[in-house]
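> I would like to see how this sequence folds:
(4 chains)
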2 protein chains.
Amino acid sequence: MPRRPTPRSITRPRGTIRSEVLAFVRGRLAAGSPPTVREVQQAFGFKAVESARQHLEALVAEGSLAKSPGRSRGYRLPADGGPELNVRLIPRLGRVQAGGLREAIEDPDGWLAVEGPATGEEMFALTVRGESMTGAGILPGDTVIVRRQDTARDGEIVVAQVRDEATVKRLRLRDGQIVLQPENPAFAPLIFAPDTEIRILGRVVEVRRRLA
Amino acid sequence: MPRRPTPRSITRPRGTIRSEVLAFVRGRLAAGSPPTVREVQQAFGFKAVESARQHLEALVAEGSLAKSPGRSRGYRLPADGGPELNVRLIPRLGRVQAGGLREAIEDPDGWLAVEGPATGEEMFALTVRGESMTGAGILPGDTVIVRRQDTARDGEIVVAQVRDEATVKRLRLRDGQIVLQPENPAFAPLIFAPDTEIRILGRVVEVRRRLA
DNA sequence: TAGTTAAACAGACATATGTCTGTTCTGTCA
DNA sequence: TGACAGAACAGACATATGTCTGTTTAACTA
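Numbers count the residues shown, from 1 in each chain, chains lettered A, B, ... in the order given. I've put the predicted structure just below:
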């Protein structure tokens, strides 16, 4: 069993150097800035660039990391075992007043990272108010992530603008009527004739709840 | 009002080029790989590197972006103002077999981006099986994000290892007994004496559900 | 002891990438 | 019309960064 000629660091509480290099790279990737080989070198106190590169290449060889050869900061998480990490930022909206979706998107309450292809789809997030959708596992305070679209199909959970407020309901199309169906027996469905002043703002594609 | 000499792209439905460059960089940052100037150039079809750099520098000047001069892929989100990106990657675990949490984390099914300070906290994600927690709005197929910890307080939703399987339940501490309480009247609580072979794996801090 | 091996080291080289200088294009405005 | 400004372009240069080659160190082993 070989060993390292000189100790690289004073405190090395757990794990081998190699696994710590992996942890270091993972941390940097999570922080949004993949490290360079020389940054790894510096972080571990190596005196030669190649020392860091050897560990990195070994991690690639064993499948713990992936890389784009030649590219700067080219080390990534391995693509196998899951879809390519594909995150985008979407605005978290406050109250959506009448006709103000565009304005609300321009002036968001914050930003949210969601996974999914970085297509041109417009997305936004809303905080759920009220208990009308508890039957679908959507509780007050939950965040719904919405794909912006003007139409939706029967049975989909949508965000609709009713009068001055955006509301989350299940869409039902019956006999030419538009029904916004709560998922809570304590609430009554909202029934609209076609071409009423009701507007579909988008379709709910994800629900999130923090239990802080 | 100045204008661009040549159209850069066929379809440019909304927003100016500059705001789209900002969106592009944000997306790349969120995905964990800051773009190079030349990658921005290529993405927008510029014929000169400098064209891309002008937009990037303008965004830095107006405070929408920050950068580390000279560093490769040095464009960042500004520390203040703009959308603070605080994302870290956590492993999505498959089945957690007996004693195998560590092994499961080493060999994840995939990775998930979650928001929160990049502290040293160990986190992982699990897919919920069964309907025992529907009363708490946690449905089968939901993803729970778990903060790794060995203990928990009364009333918290935890992931516990019972025999050979990880399970999500609400923790109740009564009369020196450990109770794993389902949130569904159709399921019975699991009651354990202290020091039984039950182990808290962590506390559920977030719930996510995709509605394809 | 000599050979082997993993790891670290030193230095150089090739490429990727940020940056600079000057030019061209096209609309705006005096 | 001519000066001006914003934007894009072309080309070059300096630096950052990945990669290669060869050497040294220290443990293990036949």
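> per the record, what domains does chain A have?
A:17-76, A:87-208 (automatic domain parsing).
> immediately after the helix-or-strand element of chain A with minimal mean pLDDT, which helix or strand?
Ranked by mean pLDDT, DSSP states H and E, the weakest helix or strand in chain A is helix A:101-106, scoring a mean of 58. Once helix A:101-106 ends, the next helix or strand along the chain (criterion: DSSP states H and E) is strand A:110-115.
> Could you name the helices and strands sitting against that following strand?
Packing partners of strand A:110-115 (3 or more CB pairs under 8 Å, 6 or more residues apart in numbering or on different chains; DSSP states H and E): strand A:87-92, strand A:123-127, strand A:143-148, strand B:110-115. Just so you know, the C-beta spots here come from the backbone N, C-alpha and C atoms, and that holds for glycine as well.
> Could you list the alpha-carbon positions for the last one in PDB?
When you say that, I think you mean strand B:110-115. Extracted in PDB, the C-alpha atoms of strand B:110-115 (Å, rounded to 0.1, in the frame of the first residue of the first chain):
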ATOM      1  CA  GLY B 110     -29.200  11.900  -8.800                       C
ATOM      2  CA  TRP B 111     -28.800  15.400  -7.600                       C
ATOM      3  CA  LEU B 112     -31.100  18.100  -6.500                       C
ATOM      4  CA  ALA B 113     -30.600  21.800  -6.200                       C
ATOM      5  CA  VAL B 114     -32.000  23.300  -3.000                       C
ATOM      6  CA  GLU B 115     -31.800  26.800  -1.700                       C
END
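> Can you point out the buried residues in that strand?
Within strand B:110-115, the residues scored as buried using 16 or more other CB atoms under 10 Å in any protein chain shown are B:110, B:111, B:112, B:113, B:114, B:115.
> In this structure residue A:134 contacts residue B:137, no?
Yes - if you go by CB atoms under 8 Å, residue A:134 and residue B:137 touch, sitting 6.9 Å apart.
> From residue B:152, how far out is the residue sitting nearest the centre point of chain A?
Centroid-nearest residue in chain A, with CA atoms, centre = their mean: residue A:114, separated by 1.9 Å. Distance, residue A:114 to residue B:152, by CB to CB, to the nearest Å: 28 Å.
> Can you add distance to DNA strand D and mean pLDDT and give the helices and strands packed on strand A:110-115 back as a markdown table?
As requested, the helices and strands packed on strand A:110-115 are exported to a markdown table (distance: least, CB to the nearest atom of the strand, whole Å; pLDDT from 0 to 100):
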| stretch | distance to DNA strand D | mean pLDDT |
| --- | --- | --- |
| strand A:87-92 | 21 | 74 |
| strand A:123-127 | 26 | 88 |
| strand A:143-148 | 26 | 91 |
| strand B:110-115 | 21 | 75 |
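> With respect to DNA strand C, which of those strands lies nearest?
The closest of the helices and strands packed on strand A:110-115 to DNA strand C is strand A:87-92. By CB to the nearest atom of the strand, the value is 19.9 Å.
> elements contacting the longest strand seen in chain A?
Secondary structure of chain A per DSSP state E: the longest strand is strand A:198-210. For strand A:198-210, the elements it packs on are strand A:123-127, strand A:143-148, strand A:157-162, strand A:165-174, strand B:198-210, judged by 3+ CB pairs under 8 Å, 6+ apart.
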